[in-house]
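Undergrad: following is a predicted model, sequence given first.
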Amino acid sequence: MIDEDTGIILNTLYSLIKEHCGQANKSKKVVKYLIRILIKVGVLLKNNAFNEAESLLFSDFKTKYRTTALTFISFYEVKFTYDQQILQDLFKDVFDLLKQITRRHISSKSQEKINIVEETLRDKDMLDELFSGDETKGIGRHLFLICTRVKNLIDDGKI
């Protein structure tokens with residue numbers, strides 16, 4: 001089950017992607033894929049499906065995911081600190097770990113869905129527009145809501 005904060009993040013992400021690329025279908029597809037990935041990883045965790053090596057990688061994944069979330073928030077809260085390359089590298093590391101963890105458990109089609117989500121979230125133009133400093137127009141207005149909800153997840157120990 002997806003909690004309220006995660007649901008709001010996903011809805012906001014849908015709007016953000018839709019506004020950036022102008023394609024509702026792409027936005028819907030990316031968010032749907034992201035939800036499926038979250039559910040699959042959750043099921044794998046619940047069923048203790050990871051072997052020892054995957055469990056160690058999952059621990060690294062959680063740490064990197066949290067670091068990425070904190071960096072994302074920091075770039076929002078501390079003006080003029082946004083660094084596209086740092087954020088892209090962090091996203092790449094998170095998705096690389098996710099692919100390693102799930103490789104043995106999901107189909108190549110599902111792996112491709114992870115690639116589509118990664119490609120979308122690492123989009124340089126989208127990240128630059130998001131952190132452009134103008135929170136009153138364009139996709140930048142979604143940044144406050146995303147960061148607020150991610151902070152809630154961190155505070156609740158979910159990230």
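TA: Arrived safely, thanks for sending. Numbering: from 1, shown residues only.
Undergrad: buried set for stretch 106-115?
TA: By neighbour count, and taking 16 or more other Cβ atoms under 10 Å as the criterion, the buried residues in stretch 106-115 are 106, 113-114. (Glycine included, C-beta is placed from N, CA and C.)
Undergrad: now, these that are in helices?
TA: Among these, the members found in helices (DSSP state H) are 113-114.
Undergrad: my guess is residue 103 contacts residue 110, does it?
TA: No - with contact defined as Cβ atoms under 8 Å, residue 103 and residue 110 do not form a contacting pair (10.0 Å).
Undergrad: now render the buried residues of stretch 106-115 as TSV, adding pLDDT and distance to residue 48.
TA: Rendered in TSV, the data for those read as follows (pLDDT from 0 to 100; distance: Cβ to Cβ, whole Å):
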residue	pLDDT	distance to residue 48
106	95	16
113	96	24
114	97	22
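Undergrad: quick one: residues contacting residue 23.
TA: For residue 23, no contacting residues are found, by Cβ atoms under 8 Å, 6 or more residues apart in numbering.
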